[in-house]
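**Q** Provide a 3D model corresponding to the input given below.
(2 chains)
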Amino acid sequence: MDNFGEIGTTEEQIELMDVATNFCRDKSPMDKVRALMEEDLGYDPQVWKEIGELGWLAIAIPEAHDGVGLSMAEVVPIAEQMGRNLMSTPFGTTTLAAQALLAGGSEAQQAAWLPKIAAGIAATLALAEDSGDWDLSNIACSGKHDGDQLVLSGKKQLVRWADSVELIIASVKVDGDVRFAMIERSTLPDGALRREAIIDETARSFELTLDGVTIPADALFDASRTRETIEKIELAAGLIHAAEMCGGSQAVIDYTLEYLKTRKQFDKIIGSFQALKHPTVDNYVEYEKARTHLYSAAHSWGEQGRGEVAVRMAAAQAHSSYSRAADRSIQFHGGFGFTHDCDAQLHRRKAIFDGALIGDAAYQRSKLAGLLFD
Amino acid sequence: MAEKPDAAELKDYTQAADAWFKENTVRDPGFMLPLTFMEVSTDQQFDFLREWQRKVYEAGYLGAAWPKEYGGGGLHTDFQRAATRAMKKYDAPIMLNAIGNGWAGPLILDLGSEEQKQTYIKGMLTAEDIWCQGFSEPEHGSDLGNAQLKAVKEGDEYVLNGSKIWTSLGDRAKYMILLARTDFEAENKYKGLSFFFNPMKIDGISTSRIKKLTGEYGFVQTFFTDARIDADCLFGGEGNGWSMAMKTLEYERGAKVKPVGGYFVKELDVMQIVELAKNSMRNGKPLLDDPVMRDKMTQYMIDIQALNLNNTRRRMPQLMQDKPMGLPLMNKLARTELIRELTEFSLGFQGTKAGYYVGDENAVDDGYWHRSYLNSFSATIGGGTSEIQRNIVAEHALGLPKTR
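**A** Modelled structure (predicted):
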């Protein structure tokens, strides 16, 4: 199995892990998470500003574009701690937009946007559509040339944080081919964004109506790089969400353990009952497997072939372990588990949402099977 | 011993080890090689593995990091690690003397007297002196702390009475690490236990082979009837048996005593199962076209890859900060259960052939998969059942209260 990747860390990863562990814990306590759930924006603009100032949006951007010049491997420990503390911000979508630009943007497009992202503006991707297909090339939205303009039409779904970003990178079909179009949010007509009711109440997401949206024709990514852009987005999204879900698994297991160590029934701490103890151990084992895969995927980032295997293994394992740990957390909290006040449901919902965004564990395995056996 | 190994020396050693295992590894001696030290059944298997261990030791690739004065190589741990990697690379057979090298040896090197080190270490490295473990008793398996084999001190001797069971290599061993009760009135069951290096080939000790569920032999029940051993065989002092037994588990992680090297249990090669699956048919089509089998096989690949990588991650403190005991303690549970599941899964590939067993010419791979599945229980039960392992992880890694 040597071919499927190794595990290792970089000094930068470990430094960032230390900083992110403290930052996310301090800036995202549960009472704040719950308060932000009630607000329209869904995140703390001050925290977002600090994330920009910390340089976290610049990590995987090359130095030539004012970035730090590291890679997605160093983004992983940050996303992990964000997931662990349910810290919701456009960090993930902005990072993915930068990766998309790096894979498919022209020199001019990269030069125009990457320094801004590195400096802290927010961006997002608009990929999903009504078909519900995880295949990013199965889309119906379109762009038609009209002189040096491109007239867009159709509806994109699950466009996260769209109301507060500056840049939206949307997939559309132009002359039958999938292309990526850069849309400045400020140019959207009124009513183009409709806030969606999504299962993860800590995130914000919008349906984007492209009808009536026109962009300059040179705001399209290079046609010849669509394929690698899609691959890059899939893998970067797989890695970031695997990291968030790993952090979330850790948090929900710790949350469950806390309850098992304090709650008493039949005059006993319920954590002494093997009916609760043993499945908790099994969930913990699955989480550790996920974390191992996560840091293996980070370590193998960018490697042809095994990089994808490692990311998909990480995403599959993180999604299944997060789902399972959160599901059991609800159950093990008994009546309280059934309430909105119990944090277990926040994690359960987030696991479903993350799976919906990148493809759930079964989908990741089906992609893996092709890589492993065919 | 140097803090850091000399890079050039290490490189030379690594190359030499690679060449040695490439040349000397016999993968198919013409009979089935045991995958674990618990599966050694025939004389042929035993003789082969004993000779193999001696050869590896003499070449300098076992115990390379153990102290030179007792028979080791006196080298930095990285040397032994390189040798073990070469063993794995060429899929070399297991090291036979697991209880000696993996359990008793580290204990002696850590806490033993000069005389004990001189007496025991070299013989266990050469496999001249085979060791076995006498912890479990017929009536005390998972409740090991309640072991009842009686050791009564009479003058310069202890007189032993009782029985131990599930003793791998028990009929071939020269020594047994033995957990016996020296005090029946101690304040708790653990404090009445003492630890002995017990000689096996003496009057009053007899063994009786136990037929395994596979139909083979491999372990024994050991009977002690007024067996007299020298009082010097006591190790760690009376009443400290439980803590000595627990200490042997610590050495597995290699933190206190440098690992002896090699492996006593072969890692299951998942690619072998993938090959089997690829060569199997279902309804006239390749088995791996079946979406259910594909999905399951993929999940197993994810699992086994995680456990293999865990071995590397365990040595990376930066990725072990949160629950530092988690990975080491869960390894046995996760690995043995996975092997049980995987080998069972492989039977499902075989269609009607799943009905055959070792010994029939129609059996797939001579019944290897069936035997592996049945043997897999030796590891999910032996050395602490998976259920006990879950308690251990829960209590020592996750901080949950004891079940009692």
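**Q** give the helix, strand or coil label for the closest residue to chain A within chain B.
**A** Distances between chain B and chain A by Cβ to the nearest Cβ are smallest at residue B:306, namely 3.6 Å. The way it works is simple: take the backbone N, C-alpha and C, and place the C-beta from them, glycine included. Here residue B:306 is recorded as helix under DSSP: H, G, I helix; E, B strand; the rest coil.
**Q** I'd assumed residue A:318 was in contact with it.
**A** No. With contacts counted by Cβ atoms under 8 Å, residue B:306 stays clear of residue A:318, the gap being 11.2 Å.
**Q** if you count what's nearby, which of the two comes out ahead?
**A** With neighbours defined as other Cβ atoms under 10 Å in any protein chain shown, residue B:306 and residue A:318 compare such that residue A:318 has more, 37 against 25.
**Q** now name the helix or strand holding the more buried one.
**A** helix A:306-332 (DSSP states H and E).
**Q** gap between that helix and the chain center?
**A** On the basis of Cα atoms, centre = their mean, to the nearest Å, helix A:306-332 sits 14 Å off its chain's mean C-alpha point.
**Q** and the following helix or strand past it, which residues are buried?
**A** Once the chain leaves helix A:306-332, the next helix or strand it forms, by DSSP H and E, is helix A:334-337. Neighbour counts over helix A:334-337 (16 or more other Cβ atoms under 10 Å in any protein chain shown) mark residue A:337 as buried.
**Q** then stretch A:141-157?
**A** A:141, A:142, A:143, A:150, A:151, A:152, A:154, A:155, A:156, A:157.
**Q** can I get those residues in a markdown table including secondary structure, pLDDT and distance to residue B:315?
**A** Listed next are these as a markdown table, based on DSSP: H, G, I helix; E, B strand; the rest coil; pLDDT from 0 to 100; distance: Cβ to Cβ, whole Å:
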| residue | secondary structure | pLDDT | distance to residue B:315 |
| --- | --- | --- | --- |
| A:141 | coil | 98 | 49 |
| A:142 | strand | 97 | 53 |
| A:143 | strand | 97 | 52 |
| A:150 | strand | 97 | 54 |
| A:151 | strand | 98 | 58 |
| A:152 | strand | 98 | 53 |
| A:154 | coil | 98 | 52 |
| A:155 | strand | 98 | 51 |
| A:156 | strand | 98 | 46 |
| A:157 | strand | 98 | 45 |
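**Q** tell me the domain ranges of chain A?
**A** Split into domains by automatic domain parsing, chain A comes to A:2-122, A:125-223, A:227-373.
**Q** quick check: phi and psi on the residue of chain A found nearest chain B?
**A** Closest contact between chain A and chain B, by Cβ to the nearest Cβ, is at residue A:289 (3.6 Å). Backbone dihedrals for residue A:289, given as degrees, to the nearest 10, come out at phi -60, psi -40.
**Q** distance of it from residue A:234?
**A** Residue A:289 sits 22 Å away from residue A:234, going by Cβ to Cβ, to the nearest Å.
**Q** quick one, which of these two is more surrounded?
**A** Between residue A:289 and residue A:234, residue A:289 has the larger neighbour count (other Cβ under 10 Å), namely 26 against 21.
**Q** that one reaches residue A:317, doesn't it?
**A** Yes. Using Cβ under 8 Å, residue A:289 is in contact with residue A:317, at 5.5 Å.
**Q** list residues touching both of the two?
**A** Contact criterion Cβ atoms under 8 Å, 6 or more residues apart in numbering or on different chains; residues bridging residue A:289 and residue A:317 by contacting each: B:302, B:306.
**Q** output the biggest strand by length in chain B as PDB, nothing but the C-alphas.
**A** In chain B, assigned by DSSP state E, the strand with the most residues is strand B:217-230. Extracted as PDB, the C-alpha positions of strand B:217-230 are listed here (Å, rounded to 0.1, in the frame of the first residue of the first chain):
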ATOM      1  CA  TYR B 217      -2.400 -27.400  16.900                       C
ATOM      2  CA  GLY B 218      -0.500 -24.300  18.100                       C
ATOM      3  CA  PHE B 219      -1.100 -23.700  21.800                       C
ATOM      4  CA  VAL B 220      -1.300 -25.700  24.900                       C
ATOM      5  CA  GLN B 221      -2.700 -25.900  28.400                       C
ATOM      6  CA  THR B 222       0.100 -26.100  31.000                       C
ATOM      7  CA  PHE B 223      -0.400 -28.000  34.200                       C
ATOM      8  CA  PHE B 224       1.600 -27.200  37.300                       C
ATOM      9  CA  THR B 225       1.600 -30.000  39.900                       C
ATOM     10  CA  ASP B 226       3.900 -29.300  42.900                       C
ATOM     11  CA  ALA B 227       6.400 -27.900  40.400                       C
ATOM     12  CA  ARG B 228       9.400 -26.400  42.300                       C
ATOM     13  CA  ILE B 229      11.300 -23.400  40.900                       C
ATOM     14  CA  ASP B 230      14.100 -21.500  42.300                       C
END
